[in-house]
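Chemist: please work out how this folds:
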Amino acid sequence: MSEHLYIDSARVDVESLESFARGLTSERRAVLQPLLTFLKEWWGSEEYVIVQTSGSTGTPKRLQLAKLAMRRSGLRSNRYFQIQAGKRLLLAMDLRYIGAKMMVVRALLAGAELIVAPPSSHPLATLHAAPQFVSLVPLQLHHTLEVAAERKLLSQAEQLIIGGGAIHPAVEAQLSTLPVAAYATYGM
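Modeler: Below you'll find the predicted structure:
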């Protein structure tokens, strides 16, 4: 089974990655470059990828993670969250970190659509339709909940995972008023 995902409505796999990248505008390439770099690493010959820890529980470190372990984790996540082809996943985190890399792995394994937004404190600000599966860090969630249009989009998502830090009780209380199924993944 070939790993692939959809980016900007284009099916991307190991064979089409270079031609997809060549067809990008310079503006879009700037946004997608970290993803393109990760996909090259993922489809490369090494059995591991390099991940930067956030440092939220100590000194940040660079680690090697086995691709096989990441695939297994991605398959379990996809099964649990029912991520499959046709689902739209939001990638709005820094691809140096495991949370962002795992969003890509989930999309690859499911053949899902990856909506790529530059990492920012307002990741839903430029979207016109809600993704079905969203992964945010607590600061992104806090800022998203403060803006009515972004909050509305988030409330239309099916599932939200929050990682990379603890969720402030006030943010958790705001989130609990939305119909989205939310999961704290920090400290797993």
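Chemist: leaving out sequence neighbours, find the closest residue to Thr37.
Modeler: Nearest non-adjacent residue to Thr37, counting by C-beta to C-beta, 6 or more residues apart in numbering: Leu95, 7.5 Å away. To be clear about C-beta, it is placed using only N, CA and C from the backbone, and glycine gets the same treatment.
Chemist: quick check, that neighbour in a helix?
Modeler: No: Leu95 is assigned coil when assessed by DSSP: H, G, I helix; E, B strand; the rest coil, not a helix.
Chemist: so what's the residue count around it?
Modeler: 23 (other C-beta atoms under 10 Å).
Chemist: what about Met93, how many residues close to it?
Modeler: 23.
Chemist: who are the contact partners of it?
Modeler: Contact partners of Met93, counting by C-beta atoms under 8 Å, 6 or more residues apart in numbering, are Gly99, Ala100, Met103, Pro119, Ser135, Leu136, Val137, Gln140, Gly164.
Chemist: those in strands, which ones?
Modeler: Here DSSP state E is the test, and those give Ser135, Leu136 as lying in strands.
Chemist: identify the farthest-apart pair in the contacts of Met93.
Modeler: Farthest pair in those (C-beta to C-beta) is Met103 and Gln140. Separation: 13.0 Å.
Chemist: between those two, who's got more neighbours?
Modeler: Using other C-beta under 10 Å as the criterion, Met103 and Gln140 rank with Met103 on top: 27 against 22.
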